[in-house]
Structure formats: structure tokens, C-alpha cells
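Novice: Sequence plus the predicted model coming up.
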Amino acid sequence: MSLLVINDLKASVGEKPILKGLSLTVNAGEVHAVMGPNGSGKSTLAQVLAGNPAYEVTGGSVEYGGRNLLEMQPEERAQAGMFLAFQYPVEIPGVSNAYFLRAAYNEIRKAHGQEEVDPLEFADLMEEKLRLVDMDSSMLSRSVNTGFSGGEKKRNEILQMAVLEPRLAILDETDSGLDIDALRIVADGVNKLKRPDNATIVVTHYQRLLNYIVPDFVHVLANGRIMKSGGKDLALELEAKGYDWVIEPRGEAA
Amino acid sequence: MTSPVVTGAVESYVAAFDELSSTAALPAGPQSIRRAAFDRFATLGFPTTKNEDWHFTSVAPIAEEEFTLVTAKSGDVKRSDLERFMFGTSDWYTMVFVNGRFAPELSTIAKRPSGVTIRDLASAWNQAPGTTDRIGRLASYDNNAFTALNTAFMYDGAVIEIAKDTDVERPIHLLYVTDATAAKTMMHPRNLILVGRNARATLIESYVSTSDAMYLVNAVTEVSVAEGATLRHYKMQREGRRAFHVGTIEAHQARDSHYVSFSFATGAELSRTNIYATLDGEGCGATLNGLYMVDGEQTCDHQTQIIHAQPNCFSRELYKGVLDDRSHGVFNGKVYVHPIAQKTDGKQTNKTLLLSDTAHMDTKPQLEIFADDVKCTHGATVGQIDQTALFYLKSRGIDRALARRLLTYAFAADVLETIEVEAVREGLEQMTLERFV
């Protein structure tokens, strides 16, 4: 059974249609890259999958682990193993990173009928996870993403991913704003978390990240639809030739 | 200026006042102050919403109720009932009052350090008339019906004197508790706090209940902070859900003194907290912070007043509030800067978070500045939960209820951080996290 089956998905922001019939199937163990020019709907796809209420699904279906994803609350999706690494991680002044991470970890454990862990047990778990993304434990006592640099915010997303161990991780432009060292750390973290029973969707504008997180499939998204799919070589081709050649010349150029 | 809500409302207090004069008599001096205050109350009547100071809060529910005055000791409160109001500490100097009367058997004030005098007011009238003579000098009842009412019915409370140069390390806690036997009664606690020159102390004034009975607490606390002294004064209003609470604090500051106030308000069906500070010497600082959190049909009103009467003083004010359901919050922050109070540095901020579409906040900054070389700012915001932050938390598996609690806590975090007594800060942090479950 496929982990994620998106069929003819349509979604709007306000009155504006963004996704116009998108279909994509992801199986456990696979890494998919979704590429495309700005405004093609990449981030909308990521947000719709995570359940952001600011986006309205107007058609199609999404099945996740055999369940109708579109009927699930964002927290239920997370509890069922879905994780979105945000393009713009949200700052929450006043809530410590440690408190936030433990709350999330425990909510997901509770949803699976497991016992909550106390702060001491959690601190032990965190030690290992922090190493994975090369983060200092002082990050835990700071407020969630507050005053973090761009790179720290992205690493913090991967730290959350490491703690929550998702079945399906969606990385939304995780490479944007990262220097090459930070990019390598983030990519290493993602690669170490890869298992045969989980899957990753990497949403990115540039091919750069795919040098480090090697995809099994590459999809080109434009004008709300997937225009072309291929193997990892497609990303290289896009890097060399740009997006224009795969995008049907519909409407005026931006 | 004001007209009584209901004539009958005042009438019903006449009998109580006459009885008080015989059952809980005071020496002649204070007795005549009581009389004058009662006459003033009879003239003022309860304020209506036509009164500018009460524009947003109707006290009709108080005026229409008939409360019995009880001056005899009453109630059945055990030490174990009080644990949850003690902030996990056992080494504070705690005066417990049950249904308005001092309860020495529940209090822990025996081993106080030198320089600290703690008396119950009911005894102090006769034991320390030189001190009790100062009652009424700071809290004016001319234009405040509730202060007039308190002064008319004052009998018990706390009288605290900190001698000059005394640094009192541990907090002094005034814990006013009501229990079910206080149903339909009224209490008028009166406190006098005198902090001597260059002394430092921390006072915590708690109003709590072990029942959900309907009652009225109308408290007045007069505070004098002498030259160079510092008082940290935390007021905790955690009354029962059907209670009425009016609490007034009037602080007078001499030169180079610091008064740091924090008002936490979460209980009562209707509450009004007045915090007034007069900076009456050069080099003073006043910090008035607060946090209010209510839900259901609760009304929670704060009025603060900072009078800059002398030059070179600063005041800082940060009030935050969280309102859920159909609750109503009010904040009126007055700042007066007298013509001679040059170089005044004042900052006032009020921020409210609405958790529902039906909660309502009235906020009114009121700055009256008569000096020309001052720096005074104010700002007020009323907002709702940040949907982006809410979605971020939910996307991590945190359900809506917990996400709301976390964001409520996050909203209040900066004002809670200003609390310098760790046990109080941690206690309030926990209460904030658990308030909107």
C-alpha cells in the first residue's frame, strides 16, 4: 500500500486557485523532490498536506496511510506521522524550545497510547538528537525560534523532525537561506533519519539540496500541476536548462 | 458628581453601621473617621457608569445585593486548606485572615526578624494608637465610594512596620481567605504598610476562597515608602467565582524610593482593582505590572493611577490580560505629571489577548501632562491568537486546547518574568498554563 496518494488535488487561497489537479504517489522508503519556479504551488502543496486552514481544498483526494487525510486535523496528521519542515519557522517568544519539543513528543506518544516522558528522560533523548543536527543544548532553553538565525531556524526544524521521527517528512524550501555548511548539516540530519518505512518529500526551487539528499523521483510543478516526472537526473537537467522547457507556454510569462 | 444607583442600596448599610459601632467599637479618633466616611458613602452612593472612573463596569450587582456584616470570628479553615495558596513555601511570614478576621492559629509570624513589626489591626487600635492614627491619611474616600465604605466598616487587617535600614529577606504574606460560612457577607479588610528609610521588603497580599460562595471583599491597603526604601508588593486576587472583589492600594513614595507592584487577578464574578501611586519626592521609581485572566461571565477591571508630583522620577507600567468566553476586561491607566515634575520618564503598555469572539476589552490610557520636559509614552493593543503560531503548534501534534494554553502562557511570559520572587513567579506561570484548560 502506498503511504501517500494524491489524486487530482485542487486548492485555493481566498478566491485564487493555486493547485489545479495535482496527482502524486509516494511509497515508504522513497525520496521525492518537488521542484518548480516561484509561484508554481510548491509551498501550497506542503501547507495543504499539513492541513493549514488558510488553504481551501476545492477538489480531489489525498489518502495517507489508508486514511482520508483531508478529514484530519493538523494535529491528527502529525500524530499519524506527518511532519512539515516549515519554509518560515514560526517564532513563539515565551515558550522554551525544550518545553515545546517535549509537549509535541508527548502529544504524539499519548495519541499512540504510550506514556508521557518526564523532563529528565526527555533531556537524555535530546542529547542524541542534538548531535544529529550539530546543535548546542543551549538552544533548548531559548524561546522557540525567537532570535534564531535563518540557519538555526532550519536546523531547529530538523531537530523537531529527529525528535518526532515522522513516517512522511515534507521539507519546504529547507535549503533557502542556508550557507553550504548549514546545508550539509541539515542534509546529513535528514539522511540519517531515512529508514525503509518512512518517506520524504523535498520541496525546492534549486537543485543544490539534491546533491546532498538524493531523490528517487523528481517532479516538476508548474501552474498547479505536475508537468513532468523523472529520476534524479531530471534535477540536473533543470539546473542546466531552467524550467521553461518543461512548462507548457500557457498564459503570459510573468 | 455621582448619584446613588438605588437609594435602598445605601439604606441597607445604615443598620449595619449602627450595629458595628456597638459590637466592634474603636477608640474615639478612628470612630469619628468611620462616621465621617459613612456619611460620605451615604452622600456618594454606589458609582454608576456615568461616573468616569466606572464608565465600563457596572457595580449594580453589588449595589443590589444585601450583605451581612460579620465582625465576629467565623469559618472553619484548616492549615491544609491553605497549602495551595502558599506558593509551595513555608518560610514566609504569613498572616492568615479567615472571613476578614485575623487567625493567629493559622499564621506564622512568631519568628520575625528585628525591625519588623506585624500587628493585627483589631488589636492595634488600642495597642499602637500612634501607628493606627496614620490610617486614612493616604487613602482618600472623598471621591471613592468603596474606600468610604471600607473606612466606615474598617476593623481588622494588617499593620506592618519595617524599621529604617531593615532588609527583610523573606516575603510577608497577608492571606485573606473566605470559606462557605462567608456566604452573603461583606468584609472590609484594612491594611497599613509602613516601610522605613532605606528599608527593603516584599509584601504579598492574597485574596482567596475555599468555596464558591457569593460574598463581597472590599479591601483598602495604604502604603508608605520612605526615603530610599523599596517595597515589592504583589497582589493576588483569586477569589471564588461568584464573589465580588474591590481592592484599592494607595502608595505614597518619598524621595529615592521604589515601589514595585504586581496585580494578578483571575477570580471573582466582578472585580475591581485600584492601584494608585504618588511619587512625592525626586528620584523615585514606580513599576506597576499586572496580569488578568478571566473567562465565563467574569468582569475584571483595573484602574491604575501614577502621580508624578516631583521631578526626575520614572514609572513603568505593563498590564497584560487574557479573556475567554463572554468575559469583560477593563484597564484604565492614569498618569498625571504635575507642572514641576520635569524629566519625568513614563511608559505604559496594556495588551490583551482575546481567546473568543465574545470576550470584550475596554482599555483607556489617560495621560495628563502639565510639565514640558518629560518623556511619556503609552500603548494599548487587543488581539487574538496568532493563527500562524497556532497552526505551527498543531502541525507538531499539539492539539488545539494545549496549543491555546501554550500561546496564552507565551503571551503572558514577559510580564511574569518581571516577578522577582521565584516561588511567586513559578506559581503564576503554572496558574497561567492551567487557567484555560
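Specialist: Structure received.
Novice: Near chain B, which residues of chain A are found?
Specialist: For chain A, the contact set with chain B under Cβ under 8 Å from any Cβ of the partner chain comprises A:50-54, A:73-75, A:77-79, A:83-84, A:86, A:89-90, A:92-95, A:99-100, A:103-104, A:107-108, A:111, A:143, A:160, A:164. (Each C-beta comes from the backbone N, C-alpha and C, glycine too.)
Novice: let's see it at 6 Å
Specialist: Contact residues (Cβ under 6 Å from any Cβ of the partner chain) of chain A with chain B: A:50, A:52, A:74-75, A:78-79, A:84, A:90, A:92, A:94-95, A:103-104, A:107-108.
Novice: Please parse chain B into its domains.
Specialist: Recorded structural domains for chain B (assignment: automatic domain parsing) are B:7-280, B:386-437.
Novice: Rebuild those domains as a markdown table, extending it with mean neighbour count and mean pLDDT.
Specialist: Listed next are these as a markdown table, based on neighbours: other Cβ atoms under 10 Å in any protein chain shown; pLDDT from 0 to 100:
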| stretch | mean neighbour count | mean pLDDT |
| --- | --- | --- |
| domain B:7-280 | 20 | 95 |
| domain B:386-437 | 19 | 96 |
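Novice: Which of those domains sits closest to residue A:120?
Specialist: Counting by Cβ to Cβ, residue A:120 lies closest to domain B:386-437 out of the domains of chain B; the figure is 17.9 Å.
Novice: chain center to that closest one: distance?
Specialist: Relative to the chain's own centre, domain B:386-437 is displaced by 24 Å; criterion: Cα atoms, centre = their mean, to the nearest Å.
Novice: That domain: end-to-end distance?
Specialist: 18 Å (Cα to Cα, to the nearest Å).
Novice: Please apply the same query to stretch B:194-213.
Specialist: From its first residue to its last, stretch B:194-213 covers 33 Å (Cα to Cα).
Novice: hmm, back to that, just the ones of the residues of chain A next to chain B in strands?
Specialist: A:84, A:92, A:94, A:95 (DSSP state E).
Novice: Counting neighbours, what do you get for the closest residue in space to residue A:112 that isn't next to it in sequence?
Specialist: Here the nearest residue to residue A:112 in space, its sequence neighbours aside, is residue A:79; by Cβ to Cβ, 6 or more residues apart in numbering or on different chains that works out to 7.5 Å. Using other Cβ atoms under 10 Å in any protein chain shown, residue A:79 has 22 neighbouring residues.
Novice: helix, strand or coil for the closest residue to chain A within the stretch 1-150 of chain B?
Specialist: Closest to chain A within the stretch 1-150 of chain B is residue B:88: 17.4 Å, counting by Cβ to the nearest Cβ. Assigned state for residue B:88: coil (three-state reduction, DSSP: H, G, I helix; E, B strand; the rest coil).
Novice: Can you tell me the closest non-neighbouring residue to it?
Specialist: Distance criterion Cβ to Cβ, 6+ apart; nearest residue to residue B:88, sequence neighbours excluded, is residue B:423 at 5.8 Å.
Novice: Mind checking the pLDDT average for stretch A:205-214?
Specialist: In this model, stretch A:205-214 has a mean pLDDT of 90.
Novice: Buried residues, that stretch. List them.
Specialist: For stretch A:205-214, burial by neighbour count (16 or more other Cβ atoms under 10 Å in any protein chain shown) applies to A:205, A:207, A:208, A:209, A:210, A:212, A:213.
Novice: From residue B:20, how far out is the nearest residue to residue B:151 once chain neighbours are set aside?
Specialist: Once flanking residues are discounted, residue B:151 sits nearest to residue B:37: 3.5 Å by Cβ to Cβ, 6+ apart. From residue B:37 over to residue B:20 the distance is 12 Å, taken as Cβ to Cβ, to the nearest Å.
Novice: can you redo the buried residues of stretch A:205-214 as a markdown table with secondary structure?
Specialist: Listed next are the buried residues of stretch A:205-214 as a markdown table, based on three-state DSSP:
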| residue | secondary structure |
| --- | --- |
| A:205 | coil |
| A:207 | coil |
| A:208 | helix |
| A:209 | helix |
| A:210 | helix |
| A:212 | coil |
| A:213 | coil |
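Novice: Greatest separation within those: which pair is it?
Specialist: A:205 and A:212 (15.4 Å).
Novice: Give me the most central residue, chain A.
Specialist: Nearest residue to the geometric centre of chain A (Cα atoms, centre = their mean): residue A:170, 2.0 Å.
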